[in-house]
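[1] Provided below are the primary sequence and the corresponding predicted coordinates.
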Amino acid sequence: MDNIVIFITASNEDEAAKIARALVGERLAGCVNIIKNIRSIYSWQGNVEDEEEVLMIAKTQRSLFENLLRKVKELHSYTVPEIIAMPIIEGSEDYLKWLKEVTG
């Protein structure tokens, strides 16, 4: 499975857009969707946090994950940003062909 979807949370839409532009501009992702107004409840440094965030969904190739990871960490404001990859099991042949052409 060469194609993956990566979930990345960010503190706000501006930060997400900055990261998304870098990932697409450097061909580390073919497309990044930004979903506003998500609510994240998580454990951090012994406390339960309840924060508004935005979610990025990046589509790319598995071979680019490590470079994408480094770029996100370089640009991200969080000490431990959420960066989770999942395989794309099936998809539109045309879309997956396009994804391969615009990444790497």
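    Alright, I've got the coordinates.
[2] roughly how far does the residue lying farthest from the centre of the chain sit from R39?
    Distance from the C-alpha centroid of the chain, by CA atoms, centre = their mean, peaks at G46 (26.0 Å). Taking CB to CB, to the nearest Å as the measure, G46 falls 21 Å from R39. Every residue, glycine included, has its C-beta placed from N, CA and C.
[3] what do you get for I88?
    26 Å.
[4] now K73
    24 Å.
[5] which of the two has more neighbours?
    The residue with more neighbours, out of K73 and R39, is K73; 13 against 8, by other CB atoms under 10 Å.
[6] flag every buried residue along whichever helix or strand that one is part of.
    Per DSSP states H and E: K73 is located in helix 65-75. Judged by neighbour count (16 or more other CB atoms under 10 Å), helix 65-75 contains these buried residues: 68-69, 71-72, 75.
[7] likewise for stretch 23-43?
    Using 16+ other CB under 10 Å as the test for burial, stretch 23-43 gives 23-24, 28-32, 34.
[8] restricted to strands, list those residues.
    31-32, 34 (DSSP state E).
[9] before we move on, the earlier item: wait, which of the buried residues of helix 65-75 is closest to D2?
    Using CB to CB, L68 comes nearest to D2 of the buried residues of helix 65-75, at 14.1 Å.
[10] that closest one against I8, yeah?
    No - taking contacts as CB atoms under 8 Å, L68 lies outside contact range of I8: 9.0 Å.
[11] list residues touching both of these two?
    Common contact partners of L68 and I8 (CB atoms under 8 Å, 6 or more residues apart in numbering): 58, 83.
[12] chain neighbours aside, what residue packs nearest to K18?
    Nearest residue to K18, sequence neighbours excluded (CB to CB, 6 or more residues apart in numbering): L75, at 6.2 Å.
[13] that neighbour: what's it in contact with?
    With contacts defined as CB under 8 Å, 6+ apart, L75 is in contact with 15, 18-19, 22.
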